[in-house]
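>>> Kindly return the folded structure for what I paste below:
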Amino acid sequence: MRTFVNLFLLAYLVDALLSVADELLKHFLDLTFLAGVRYVFAMAVLAWALVLYAALAFDSRIPKRVVLPLVGYLFIVSFFSFLLYQVFSETSVNITIALGQLTLVLSVLTGFGKRFGGPWHLPEAAFTGHAFTWRNLGRFALINFGIAIPALPLLIYFITVESVRLASAEFIRVDYAGVYLTEKRYRSDNNLIRLIPMIHIGEQSFYTEISETLSSDRAVILTEGVSDDDNLMGGFRGAQDAAQILGLQSQTDMLVDGEHIDLDAMETVTDSAPGSSAPKIVHADIDSSSLLPETREYLNHIGSLVKRYDSMWESMRAIYAWADANVTADEQKRIYEDILDKRNVVLLSHLDKSLTLFNEVLIPWGAMHMPALEDTILKRGFRLTSEQERSAVRFWD
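Model (predicted):
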């Protein structure tokens, strides 16, 4: 166990040094080559800390004055750093956390070095007593039971927030205050692609800001929206009913001034209306007739459930209950792929054509389309150059 603890101390120190170096390089030199290594190392140290913390229950010899401050700092930072991001800039918070970790581990190392009169590792004399005692196990269980009661909601919150962030490839961020969407810009030679994630309902200020940033006469906008020429989706009004219940705006209410064009009919940019200073707008989505029949049935039924209730909570409960009873996991997967993948293929075909005519392509589509689009764009040689986060929904409003 002594070797296990000493290796943890060494890894903790290396993790702190990597964190400080990465943050300083990003802030002063705009270099990010350490980010990947730092992330992997940080996850390994956090997993190590969890194992070591559990070991405290079964080995009373582990010096708690050394281990608990280090492990506790990682847990507190993991759960509560999001609060600091609401007050201070992300850069300042990250640098402070990294410097705090380095300061803490150095003080612990020098502290027990002075106590035991040896180098910066725990000697045999630091591990005294019996390895396992029922008294130590019982005290550990009692203390952690008291901690678990308030900590469990925080753990659920943290897992949920992190799952949303990772599933959306960091295009969506959720915290206690609201929902935030991050626009990402990619360049290759003279071409610029802007992936502008949307959610189907949001505050009017969010859609107004998006509309203003789309006003570029040098760009083409590839718009989202499944058409319904044969009236196959009469029971589904998208997110309009849900937005009305929540007192928000629907994405379909976002107005963008521009010149609607037929991309397939164009050979050059000058084929559009002469002298127009507005951005060009291209409908880059499918018609409902291209969806699977079960997908249309699924969406129509959801639409009818949303209309039936005055409360969004009641609507969601009814939707989940109906889906759980009537739609299998395989069917849900096929529907999800039908809604996302099929439309992404059509969108990417419009993107290819657009890049031959325009230098700037704007894609304001649903956020869950973005991970696959980003992956394709990066594989085609584009590089991420900048990001901009916007508030879409404020919970407390």
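>>> helices or strands up against the host helix or strand of Thr91?
For Thr91, the host element (DSSP states H and E) is helix 90-116. Other elements packing on helix 90-116 under the criterion 3 or more Cβ pairs under 8 Å, 6 or more residues apart in numbering; DSSP states H and E are helix 2-29, helix 64-85. C-betas here are computed from N, CA, C, even on glycine.
>>> tell me which residues of the last one are tucked away?
Taking 16 or more other Cβ atoms under 10 Å as the neighbour-count basis, helix 64-85 is seen to contain the buried residues 66-67, 70-71, 73-74, 77-78, 82, 84.
>>> Now it: average pLDDT?
Averaging pLDDT along helix 64-85 gives 84.
>>> what helices or strands is that helix leaning on?
Other elements packing on helix 64-85 under the criterion 3+ Cβ pairs under 8 Å, 6+ apart are helix 2-29, helix 35-55, helix 90-116, helix 134-167.
>>> mind listing what's buried in the last one?
By neighbour count on 16+ other Cβ under 10 Å, the buried set for helix 134-167 is 136, 140, 161, 164-165.
>>> returning to that earlier point: could you dump the helices and strands packed on helix 90-116 into TSV with distance to Thr128 added?
Putting the helices and strands packed on helix 90-116 into TSV (distance: least, Cβ to Cβ, whole Å) gives the following:
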stretch	distance to Thr128
helix 2-29	11
helix 64-85	12
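>>> Of the ones you listed, which is nearest Val40?
Closest of those to Val40 is helix 2-29, at 9.8 Å (criterion: Cβ to Cβ).
>>> So Asp229 lies in a strand, does it not?
No. Assessed by DSSP: H, G, I helix; E, B strand; the rest coil, Asp229 does not belong to a strand; its assignment is coil.
>>> Out of the helices and strands packed on helix 64-85, flag the one nearest Glu209.
Glu209 lies closest, by Cβ to Cβ, to one member of those: helix 90-116, at 19.9 Å.
>>> Okay, angle between that closest one and helix 35-55 too, please.
Interaxial angle of helix 90-116 relative to helix 35-55 (axes from the mean of the first three to the mean of the last three Cα atoms, to 10 degrees): 50 degrees.
>>> Next, the angle helix 64-85 makes with helix 90-116.
Between the axes of helix 90-116 and helix 64-85, defined by the same axes, to 10 degrees, the angle is 170 degrees.
>>> since we're on the closest residue to Phe41 other than its chain neighbours, how many residues are nearby?
Nearest residue to Phe41, sequence neighbours excluded (Cβ to Cβ, 6 or more residues apart in numbering): Asp15, at 5.2 Å. Counted by other Cβ atoms under 10 Å, the residues lying close to Asp15 total 23.
>>> biggest separation within the buried residues of helix 134-167, which pair?
For the buried residues of helix 134-167, the maximum inter-member distance is 38.8 Å, found between Asn136 and Val164 (Cβ to Cβ).
>>> quick revisit: I figured the residue nearest to Phe41 hits Ala47, correct?
No. Look at Asp15 against Ala47 with Cβ atoms under 8 Å: they stay out of range, at 11.7 Å.
>>> Pipe the helices and strands packed on helix 64-85 into TSV and attach distance to Tyr186 and mean pLDDT per row.
As requested, the helices and strands packed on helix 64-85 are exported to TSV (distance: least, Cβ to Cβ, whole Å; pLDDT from 0 to 100):
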stretch	distance to Tyr186	mean pLDDT
helix 2-29	19	91
helix 35-55	18	92
helix 90-116	21	85
helix 134-167	20	83
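>>> Go through these and name the closest to Leu355.
With distances scored as Cβ to Cβ, the stretch of the helices and strands packed on helix 64-85 nearest to Leu355 is helix 134-167 (27.8 Å).
>>> tell me the secondary structure for Leu192?
Per three-state DSSP, Leu192 ends up strand.
>>> Specify the beta-bridge partners of the closest residue to it other than its chain neighbours.
Ranked by Cβ to Cβ, 6+ apart and with sequence neighbours excluded, the top spatial neighbour of Leu192 is Glu360, at 4.7 Å. Residues in a beta bridge with Glu360, per DSSP bridges, are Leu192, Ala219.
>>> Nice, that's everything, thank you.
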